[in-house]
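> Fold the following and give me the result.
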Amino acid sequence: MDQLDKVDAKLVAHLQIDGRLSIAKLAERLSISEATCWRRHKRLEELGVIEGYQATLNRRALGGSVLAFVQITCTQHDEAATAEFERIIQASSRVLSCHNTTGEADFLLQVIARDLDDYSGFVEQVLRRLPGVSSIRSNLSLREVKATQQLPVEELSRM
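Predicted structure coming up:
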């Protein structure tokens, strides 16, 4: 992104680590004035670089012990079937992410469940009822090696 300089990249990198940083603390860490920091912060929100703020939760502590990666292949690819598929997926709080992909599957989903019975119920009640689905392949996570939503801002801004 041409609109992101080194200070902006550092600003958003700090916010990714701690989204609760005050403008005063952020300005101090960036060695800029609070007014300048506030203006940059506001501009990054307006540009859509900063989309929002949220707490990072521990899924296991909340009872989400099963994490599944689900490959879905569809037989119907028309606009209406795809729109209905996407509407149902977007409405499901169990689906953490959904990507339209290249390769064998049309979609790759990340799904959370309490346990295997709960996941099985989700497959039966939601995924098998999706329009035009011909194949559902699940891969269950045995151990999470790395999970982050933090983007390599400074590396991307150099590209």
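
> low-scoring pLDDT stretches of the protein, where are they?
By pLDDT under 70, the low-scoring segments of the chain are 1-2, 159.

> Where does the spatially most central residue of it sit: helix, strand or coil?
Taking CA atoms, centre = their mean, the centroid of the chain lies closest to residue 97, which sits 5.9 Å from it. With DSSP: H, G, I helix; E, B strand; the rest coil as the basis, residue 97 sits in strand.

> Next one: it relative to residue 48, how far apart?
According to CB to CB, to the nearest Å, residue 97 and residue 48 sit 19 Å apart. Yep, even glycine has a C-beta here, placed from its N, CA and C like the rest.

> Downstream of the helix or strand harbouring residue 118, the next helix or strand is which one?
Taking DSSP states H and E as the criterion, residue 118 maps to helix 116-125. Using DSSP H and E, the helix or strand that directly follows helix 116-125 along the chain is strand 133-140.

> by contact count, what packs against that next one?
Strand 133-140 makes packing contacts with strand 66-74, helix 116-125 when contacts are defined by 3 or more CB pairs under 8 Å, 6 or more residues apart in numbering; DSSP states H and E.

> Thought residue 27 was touching residue 36, still the case?
Yes. Applying CB atoms under 8 Å as the test, residue 36 and residue 27 come out as touching, 7.2 Å apart.

> who's more crowded, these two?
Taking other CB atoms under 10 Å, residue 36 and residue 27 do not tie; residue 27 has more neighbours (20 against 13).

> Doesn't the more buried one lie inside a helix?
Yes. According to three-state DSSP, residue 27 belongs to a helix.

> Kindly report the domain assignment for the chain.
6-55, 66-140 (automatic domain parsing).

> Can you add distance to residue 158 and give those domains back as TSV?
Below are the domains of the chain laid out as TSV (distance: least, CB to CB, whole Å):
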stretch	distance to residue 158
domain 6-55	8
domain 66-140	26
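
> Fine, thanks again, bye for now.
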